[in-house]
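**Q** sequence below, structure please.
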Amino acid sequence: MILCLVLLLAATGQPQTAKNESDFGYSAKVKTVPEDKNRYISQGAKRFPNFIIGGQPVDSVEKWPWQALIYYHTTDGRPFWCGGTLISKRHILTAAHCAIDMIEEQSLVSMGVISVDRQRSGFQGRTISKITTHPEYNPSSYKADIAVLEVDNAFVLSRAVSPVQLLFDDDQVLNSTNSLIATGWGAYDPNLPQKESKELREVRLPIIPLPKCITLWEKLKSSLNVDDTVICAGGEGKGTGPGDSGGPLLAFHNNTYVQVGVASFGDNEGSGLYYQDKYPGVYTRISAYCDFIKESTENMATCRDTITMHYITIIIVAIVFCAQFH
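**A** Residues are numbered from 1 along each chain as shown. The predicted model follows:
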């Protein structure tokens, strides 16, 4: 019981420092690719436009319970999928460039899934009933590339289906780590074009400081939006691709994962897919759009501050621990 009191009193202390866990519609012209990577690049860029690069398969549906798979057809009938995240029982966060072409009631959201062609225990599917893209979204620059989807029936929360936490102020988190995690679906080996993987994959990405990211994208003579409303990440042989659009960029903070970004754009041609340290992936920064999320979900999903999350985490641990004595 003394330990229970200690844990509860800790909730009034100072927040802990985060500890580390171990549409890509723009195509820049590139000229040189190392010989040993030619096969990787050519097949990865042309045949497999939608894969987590340099990642590994996710072994449990409970590891990333907020991961959503969104199937949709565009107005011209073409089928697509995008990633997303559950932020309330009824709402999915994704990229505006995914949502802009969706048709309500003809688009589906799958939760509790790590394979696109196998349903496991815990799988839940819903139809999208409402689509809200950010009013300032610009399809030319990818400014405000964020959207909220509402489903027809609430998801039943479980260990396999659970909302992700969002931060109102992510400065402390981003300043206390040098890498983030991205998740998405796609090919597991670009060298084997006949052997497609439909499994959810994850990859740890180095953070690229914003000033450096701006400079790199300026070298590409890009008009795309790279400012303090985005996060840049990627490394050599590590990054995200088009089919990962709308999916999460995650940070480990106060013993839990929080979503800090939404996969937005990058270079999807040639060596740009491989060298994401030189052609960074760009992610919409969620903390810049907390008001939009709150309004679009009618307060069902809100961003939290780091101190509140610290208190909640400690209190939950204390309650679970103390419950063992009753």
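
**Q** worst-scoring helix or strand of the chain, pLDDT-wise?
**A** Least confident helix or strand, the chain: helix 38-46 with a mean of 32, by mean pLDDT, DSSP states H and E.

**Q** the following helix or strand past that one - contacts with which helices or strands?
**A** Next helix or strand after helix 38-46 toward the C-terminus (DSSP states H and E): strand 56-57. Helices and strands touching strand 56-57, by 3 or more C-beta pairs under 8 Å, 6 or more residues apart in numbering; DSSP states H and E, are strand 200-208. No exception for glycine: its C-beta is placed from N, CA and C like everyone else's.

**Q** just how off-centre is the strand it packs on within its chain?
**A** Distance, stretch centre to chain centre, for strand 200-208: 10 Å (C-alpha atoms, centre = their mean, to the nearest Å).

**Q** neighbouring strands - and their directions - for that strand?
**A** Sheet pairing here is set by DSSP bridges, and for strand 200-208 it gives strand 56-57 (antiparallel), strand 179-185 (antiparallel), strand 230-233 (antiparallel).

**Q** hey, C-alpha coordinates of the second one in PDB?
**A** Pointing back at strand 179-185 there. Below are the C-alpha coordinates for strand 179-185, written out as PDB (Å, rounded to 0.1, in the frame of the first residue of the first chain):
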ATOM      1  CA  SER A 179      14.400   9.400 -34.400                       C
ATOM      2  CA  LEU A 180      10.700   8.700 -35.000                       C
ATOM      3  CA  ILE A 181       8.700   5.700 -36.200                       C
ATOM      4  CA  ALA A 182       6.600   5.400 -39.400                       C
ATOM      5  CA  THR A 183       4.200   2.600 -40.200                       C
ATOM      6  CA  GLY A 184       2.400   1.500 -43.400                       C
ATOM      7  CA  TRP A 185       1.800  -1.200 -45.900                       C
END
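
**Q** hmm, back to that, out of the strands paired with strand 200-208, which comes closest to residue 243?
**A** With C-beta to C-beta as the measure, strand 179-185 is the member of the strands paired with strand 200-208 nearest residue 243 (6.2 Å).

**Q** please identify the buried residues of the closest one?
**A** 179, 180, 181, 182, 183, 184, 185 (16 or more other C-beta atoms under 10 Å).

**Q** likewise for stretch 228-247?
**A** Those buried within stretch 228-247 under the rule 16+ other C-beta under 10 Å are 229-235, 238-247.

**Q** repeat that for stretch 95-115.
**A** 95-99, 101-102, 107, 109-115.

**Q** now swap in stretch 267-286 and tell me
**A** Residues of stretch 267-286 classed as buried: 267-286 (neighbour count, 16+ other C-beta under 10 Å).

**Q** let's see the strand or helix carrying residue 92 as PDB, backbone CA atoms only.
**A** Assigning secondary structure by DSSP H and E places residue 92 in strand 91-94. Output of strand 91-94 as PDB, limited to C-alpha atoms (Å, rounded to 0.1, in the frame of the first residue of the first chain):
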ATOM      1  CA  HIS A  91     -12.800   9.400 -36.300                       C
ATOM      2  CA  ILE A  92      -9.700   8.700 -38.400                       C
ATOM      3  CA  LEU A  93      -6.900  11.100 -39.000                       C
ATOM      4  CA  THR A  94      -5.300  11.000 -42.500                       C
END
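
**Q** so what touches it?
**A** In this structure, residues lying in contact with strand 91-94 by C-beta atoms under 8 Å, 6 or more residues apart in numbering are 68, 70, 82-87, 109, 128, 146-151, 245-246, 259, 262, 286, 293, 296-297, 300-301.

**Q** generate a PyMOL selection restricted to the buried subset of these.
**A** Buried members of the contacts of strand 91-94, defined by 16+ other C-beta under 10 Å, are picked up in PyMOL with:
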select buried, resi 68+70+82+83+84+85+86+87+109+128+146+147+148+149+150+151+245+246+259+262+286+293+296+297+300+301
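
**Q** just the ones of the contacts of strand 91-94 in helices?
**A** Members of the contacts of strand 91-94 lying in helices (criterion: DSSP state H): 293, 296.

**Q** straight-line length of stretch 112-132, end to end?
**A** Terminal residues of stretch 112-132 are spaced 23 Å apart (C-alpha to C-alpha, to the nearest Å).

**Q** one more: stretch 96-115?
**A** Stretch 96-115 has an end-to-end distance of 24 Å (C-alpha to C-alpha).

**Q** same check on stretch 93-107?
**A** Terminal residues of stretch 93-107 are spaced 14 Å apart (C-alpha to C-alpha).

**Q** can you check stretch 165-172 too?
**A** Stretch 165-172: ends 15 Å apart by C-alpha to C-alpha.

**Q** what's the answer for stretch 148-168, then?
**A** Stretch 148-168: ends 17 Å apart by C-alpha to C-alpha.

**Q** likewise for stretch 283-293?
**A** OK, stretch 283-293 end separation, C-alpha to C-alpha: 16 Å.

**Q** check stretch 139-150 too.
**A** Across its full length, stretch 139-150 reaches 22 Å end to end, with C-alpha to C-alpha as the criterion.

**Q** relative to the whole chain's centre, how far out is that stretch?
**A** Its chain's average C-alpha position is 14 Å from that of stretch 139-150, according to C-alpha atoms, centre = their mean.
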